[in-house]
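>>> Output the structure for:
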Amino acid sequence: MDEISNKTLMAFLIAAIVISIGGTIISLERISRLGAPEVAGYATTGTANLTVLGTAAVVVNKNVDFGSGSPSSDVTNQTTLTTETANTGGFNDCTTGDNCLGLELENTGNVDVNITITAASDSNGFWSGTDTQGSFQFFVADGNRSKDETGSCHNASGAIVTEVSDWTAISTSPILMCYNFTYPSATDTLTVEFNLTIPTDEPVGYKENTFTFGFTQIS
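Below you'll find the predicted structure:
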């Protein structure tokens, strides 16, 4: 048997390479015509998130102005001024208008708080007269001055009640008004009512007392 020459082997090798390249080109062309296969049966998700932080905030919406008047000089019949009462001696009638229906507080934050009241002067520091019957008292009413909102103050047991529901002497030390002063808009107001007895020998002049309300978030 004659041996295959080197030229013949070289010819076979070149032919094999040409055929292989041609087949690859044809296969790629056919794949491109078919396009990429679709992938089905999978899903993915995304999220949007945030964290709301607590803000404790209380504002005074309404103050109290008893106006001007002449107190009684009779020690047995001293002049007493009370919010929401028709006061005598020329002082404001607190049953009408908007002058002295009480000092209104509103919880404008987004958390419940407990709240205290501190007076700049107690009764002895506020009055200058020597008549010892002079007084300055307060109590805290649940709800706003117009009485169309209630349920804003809860005690430690959850009952709707203020901590100062009877006339109490003002103090230069903090007094707890409400353990849980709520923030929802329909139940976010408290009203501080005042009762003042003017000494019969109180000197003429303008009188003003300032109250500071401290509050802390209930955890």
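
>>> Strands of this protein, start to end?
58-62, 80-82, 103-107, 113-119, 135-142, 153-154, 168-169, 175-181, 189-197, 211-217 (DSSP state E).

>>> In its sheet, which strands sit next to the third one, and in what direction?
Strand pairing for strand 103-107, determined by DSSP bridges: strand 58-62 (antiparallel), strand 189-197 (antiparallel).

>>> In JSON lines, list the ones you listed along with mean pLDDT.
Formatted as JSON lines, the strands paired with strand 103-107 follow (pLDDT from 0 to 100):
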{"stretch": "strand 58-62", "mean pLDDT": "96"}
{"stretch": "strand 189-197", "mean pLDDT": "97"}
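
>>> Distance of Lys147 relative to Thr95?
13 Å (C-beta to C-beta, to the nearest Å). For glycine as for every other residue, the C-beta is placed from the backbone atoms N, C-alpha and C.

>>> same deal with Thr108?
Taking C-beta to C-beta, one finds Thr108 at 28 Å from Thr95.

>>> OK, contacts around Cys178?
When contacts are counted by C-beta atoms under 8 Å, 6 or more residues apart in numbering, Cys178 touches 114-115, 140, 152-154, 162-163, 190.

>>> try 7 Å
Cys178 sits next to 114-115, 140, 153, 162-163, 190 when contact means C-beta atoms under 7 Å, 6 or more residues apart in numbering.

>>> Excluding residues flanking it in the chain, which one is nearest it?
Cys153 (4.0 Å; C-beta to C-beta, 6 or more residues apart in numbering).

>>> ok, that neighbour touching Thr162?
Yes: if you go by C-beta atoms under 7 Å, Cys153 and Thr162 touch, sitting 4.8 Å apart.

>>> and these two? which has more neighbours close in?
Cys153 (27 against 24; other C-beta atoms under 10 Å).

>>> which residues does that one contact?
So, once contact is read as C-beta under 7 Å, 6+ apart, Cys153 ends up touching 142, 160-162, 178, 180-181, 190.

>>> export those to CSV and tack on distance to Thr88?
As requested, the contacts of Cys153 are exported to CSV (distance: C-beta to C-beta, whole Å):
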residue, distance to Thr88
Asp142, 29
Ile160, 34
Val161, 32
Thr162, 28
Cys178, 32
Asn180, 38
Phe181, 34
Leu190, 28
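
>>> Let me know the closest of those to Gln133.
Thr162 (27.0 Å; C-beta to C-beta).

>>> related to what we said a few turns ago, compare the strands of the chain and report which one is nearest to Thr47.
Between those, strand 211-217 lies closest to Thr47; by C-beta to C-beta that is 28.6 Å.

>>> and the angle from that closest one to strand 103-107?
Angle, strand 211-217 to strand 103-107, by axes from the mean of the first three to the mean of the last three C-alpha atoms, to 10 degrees: 20 degrees.

>>> The closest residue to Cys100 other than its chain neighbours - how many residues pack around it?
Sequence neighbours aside, Cys94 is the residue nearest to Cys100 in space, at 4.0 Å (criterion: C-beta to C-beta, 6+ apart). Cys94 has 24 neighbours, counted by other C-beta under 10 Å.
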